[in-house]
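*Asks:* Here is my input, please return the structure:
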Amino acid sequence: SEAAVTNMARTCCEAELAVNFNGLYQAVRNSALNKYGFLSTSESIASSAVKTAIDVRAKAIIVCSESGNTAREIAKFRPGMPVYVLTTTQSTARQCYGWLKGCRAKLLPSIGHTDTIVRETIDDMKKAGLAKDAEPICVVHGHSANIGATNTMKIEYV
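*Replies:* A predicted model of the protein is given here:
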């Protein structure tokens, strides 16, 4: 019934609010380090982005990703805020939106002008009421629009 679904949705939302995302992040990071002894470059950037986003209380993490690998790495660390994946690949958009926890995807014709598309995404978040002036947004992208090029994490402000 509709009342049962409403009650279940309310319960799920309340349970999500009780999660200690910083502790969850540490547990996932420590598990990867214990298993492999180190983090790969992409894991390290993703880990740093999630930890920074938690520390500065970012409203979201924006990821420019062709293959979706960076988005998967970030989702693995369970950031506790929405992850917006900007991609030109339809299959990556589908996988990120339907499979990765907390991820939303936006399909773009090109991600060649990273600064412009990130600013447009932040402006869209502001217009939708998802972020306010001066709030931090964590941004992860590469130096080029090539697969495996992710090497940058920065904080932008609405």
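
*Asks:* could you pull out the strands for this protein?
*Replies:* Here the chain has its strands, by DSSP state E, at 61-64, 83-87, 103-107, 136-142, 150-157.

*Asks:* how about the shortest one: buried residues?
*Replies:* Of the residues in strand 61-64, those scored as buried under the neighbour-count criterion (16 or more other Cβ atoms under 10 Å) are 61-64. Glycine gets a C-beta too; all of them are placed from N, C-alpha and C.

*Asks:* Pipe the strands of the chain into a markdown table and attach mean pLDDT per row.
*Replies:* As requested, these are exported to a markdown table (pLDDT from 0 to 100):
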| stretch | mean pLDDT |
| --- | --- |
| strand 61-64 | 93 |
| strand 83-87 | 93 |
| strand 103-107 | 90 |
| strand 136-142 | 90 |
| strand 150-157 | 85 |
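
*Asks:* didn't residue 84 look like it was pressed against residue 62?
*Replies:* Yes: judged on Cβ atoms under 8 Å, residue 84 makes contact with residue 62 at a distance of 4.8 Å.

*Asks:* Would you mind listing the residues touching both of those two?
*Replies:* Taking Cβ atoms under 8 Å, 6 or more residues apart in numbering as the contact rule, residue 84 and residue 62 both touch residue 121.

*Asks:* so where's the protein uncertain?
*Replies:* Applying pLDDT under 70 to the chain flags the ranges 13, 15-19, 22, 24, 143-150.

*Asks:* which residues in it form helices?
*Replies:* Listed in chain order, the helices of the chain (DSSP state H) span 2-17, 21-36, 41-55, 69-76, 90-99, 114-127.

*Asks:* which stretch among the ones you listed comes nearest residue 135?
*Replies:* Among the helices of the chain, the nearest to residue 135 by Cβ to Cβ is helix 114-127 (8.9 Å).

*Asks:* Enumerate every residue touching residue 71.
*Replies:* Contacts of residue 71 by Cβ under 8 Å, 6+ apart are 63, 65, 83, 85, 92, 96, 100, 103.

*Asks:* Nearest to residue 32 among the residues you listed?
*Replies:* Using Cβ to Cβ, residue 100 comes nearest to residue 32 of the contacts of residue 71, at 16.9 Å.
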